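K.L.:
my questions are about this predicted structure, shown below with the sequence.
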Amino acid sequence: MPEKIDCAVIGAGVIGLAIARELALAGREVVILEAEEAIGTHTSSRNSEVIHAGIFYAPGTLKARLCVEGKQRMYRYCAERGITHQRITKIIVATVDAQVAELGKYMRQAEVNGVDDLQMLSRGELQQMEPEVAAVAGFLSPSTGTVDSHALMLSYLGDAENRGASLALNSRVESGRMTGDGILLNVGGKEPMTVVCNTVINAAGLYAQDVSRRIEGVPAATIPPTFYAIGHYYTLTGQSPFGRHVYPIARADWHGVHVTVDLGGRCKFGPDFEWIDRVDYRFDESREAHFYAAIRHYYPGLKDGALQPGYTGIRPKIGGPSKLVTDFVIQSERDHGAKGLIALYGIESPGLTSSLAIGAYVRELLAH
Ligand SMILES: Cc1cc2nc3c(=O)[nH]c(=O)nc-3n(C[C@H](O)[C@H](O)[C@H](O)COP(=O)(O)OP(=O)(O)OC[C@H]3O[C@@H](n4cnc5c(N)ncnc54)[C@H](O)[C@@H]3O)c2cc1C
């Protein structure tokens with residue numbers, strides 16, 4: 001007889017852990033099933049660790065709403081729990097006159113999203129704030145920050161475990177099916193098991209579509225296509241010449257080769273953006289020339305040889321180059337008809353920032 005459990009969360013990245021925490025706090029019995037031998041080894045540890053303000057997302061989207069709400073929750077939570085974080089702020093800059101109109105567009109969009117603290121900066125103010133940055137205009141986002149993502153995940157896990165949740169590592173969900181008694185999951189790994197669950201949360205990140213496809217009874221038409229886009233980070237040797245994150249205006253679907261300053265006061269450049277056809281984190285060092293050229297648009301003082309290959313992260317995309325889909329997709333029974341299943345797709349940036357808000361959103365979906 002398969003073991004009966006109340007609620008299984010598939011995936012112990014920041015999203016699965018935030019949802020597990022929220023459901024455990026709501027009194028649910030939660031088991032987190034994680035394929036790898038540790039938590040957060042995929043996208044949740046391969047990102048910029050930025051607490052985003054909520055500027056770049058179209059009004060009315062889940063990203064806009066959950067980012068702004070998530071940011072507020074995140075600052076409160078980190079302060080309460082002593083999780084290392086910093087309101088380091090960010091400047092968004094135009095490097096040529098033709099981009100100045102875009103600054104205004106982003107400021108208006110941010111305001112609609114509820115980000116009402118942006119400050120326009122003149123060339124002189126920018127120069128004073130960030131002498132190494134070459135820009136014609138810009139604005140400051142005071143609520144942008146940085147968080148220690150691993151400490152955050154450990155804290156979510158700790159909260160969940162304190163309310164009785166358990167974490168099963170090396171527990172890959174291989175397949176499943178809808179039954180009259182709940183959702184049956186076949187779990188592989190070192191100690192294979194079969195469980196039947198009242199509720200299943202598919203928070204498998206890059207593999208979320210694959211997991212849904214393996215659960216018989218989830219209509220294929222409701223599962224978005226899978227696309228991946230890799231981003232490379234280069235680090236700068238020595239202390240950061242910038243006091244805050246610096247984002248040059250770039251293409252609509254990514255922020256270009258921007259700078260983020262980490263909690264140790266060092267900085268990294270990236271991520272860039274390239275479509276790939278499988279999950280492969282290898283670093284492509286041929287990107288270097290592109291990085292030098294892109295960075296020198298706003299940081300002309302970058303010296304030859306100063307960049308070191310850092311790491312890569314992969315965006316879980318649900319639309320490809322010909323049909324960009326830019327919002328999170330969070331489906332409940334109403335969307336796919338599979339009773340008890342919540343499936344999260346395309347949880348790319350700002351997923352880390354939004355994690356607490358996504359947890360609350362999922363709890364509400366389950367309550368209705
Ligand atoms: C390059 C990059 C930069 C980013 N920068 C930021 C940023 O600065 N700020 C921000 O807010 N957001 C950022 N993000 C987004 C953020 O990192 C993600 O939204 C978030 O980490 C997604 O978490 P997740 O839990 O959904 O996925 P993951 O962290 O990938 O976790 C999914 C988990 O599911 C597990 N899993 C997969 N298949 C199975 C299975 N069959 N059975 C059991 N377990 C399984 C995996 O092993 C993994 O642990 C960035 C993303 C990228 C790619």
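P.N.:
Nice, I can see it. Numbering: from 1, shown residues only.
K.L.:
around the ligand, which positions in the stretch 151-300 of the chain sit nearby?
P.N.:
Proximity of the stretch 151-300 of the chain to the ligand, by Cβ under 6 Å from any ligand atom, involves residues 172-173, 203-207, 211, 231, 271. C-betas here are computed from N, CA, C, even on glycine.
K.L.:
does the helix or strand bottoming out on mean pLDDT in the chain pack against any helices or strands, and if so which?
P.N.:
In the chain, no helix or strand scores lower on mean pLDDT, DSSP states H and E than helix 288-296, which sits at a mean of 92. For helix 288-296, the elements it packs on are strand 227-236, strand 307-317, judged by 3 or more Cβ pairs under 8 Å, 6 or more residues apart in numbering; DSSP states H and E.
K.L.:
reformat the residues of the stretch 151-300 of the chain next to the ligand as JSON lines; add neighbour count and pLDDT.
P.N.:
Shown next, in JSON lines, are those (neighbours: other Cβ atoms under 10 Å; pLDDT from 0 to 100):
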{"residue": "Arg172", "neighbour count": "17", "pLDDT": "98"}
{"residue": "Val173", "neighbour count": "25", "pLDDT": "98"}
{"residue": "Ala203", "neighbour count": "27", "pLDDT": "98"}
{"residue": "Ala204", "neighbour count": "29", "pLDDT": "98"}
{"residue": "Gly205", "neighbour count": "25", "pLDDT": "98"}
{"residue": "Leu206", "neighbour count": "20", "pLDDT": "98"}
{"residue": "Tyr207", "neighbour count": "20", "pLDDT": "98"}
{"residue": "Val211", "neighbour count": "25", "pLDDT": "98"}
{"residue": "Gly231", "neighbour count": "22", "pLDDT": "96"}
{"residue": "Pro271", "neighbour count": "28", "pLDDT": "94"}
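K.L.:
buried stuff in the least confident helix or strand of the chain?
P.N.:
Using 16 or more other Cβ atoms under 10 Å as the test for burial, helix 288-296 gives 291-292, 294-295.
K.L.:
looking at these, which is nearest the ligand?
P.N.:
If you rank those by distance to the ligand using Cβ to the nearest ligand atom, Phe291 comes first, at 14.4 Å.
K.L.:
re the thing from before, specify which member of the residues of the stretch 151-300 of the chain next to the ligand is nearest to the ligand.
P.N.:
For these, the nearest to the ligand is Gly205 (2.7 Å; Cβ to the nearest ligand atom).
K.L.:
most widely separated two among the residues of the stretch 151-300 of the chain next to the ligand?
P.N.:
Largest separation among those by Cβ to Cβ: Val173 and Pro271, giving 28.3 Å.
K.L.:
can you report how many residues lie near Ala250?
P.N.:
18 (other Cβ atoms under 10 Å).
K.L.:
for it, give its distance to the ligand.
P.N.:
Shown here: Ala250 relative to the ligand, a distance of 14 Å by Cβ to the nearest ligand atom, to the nearest Å.
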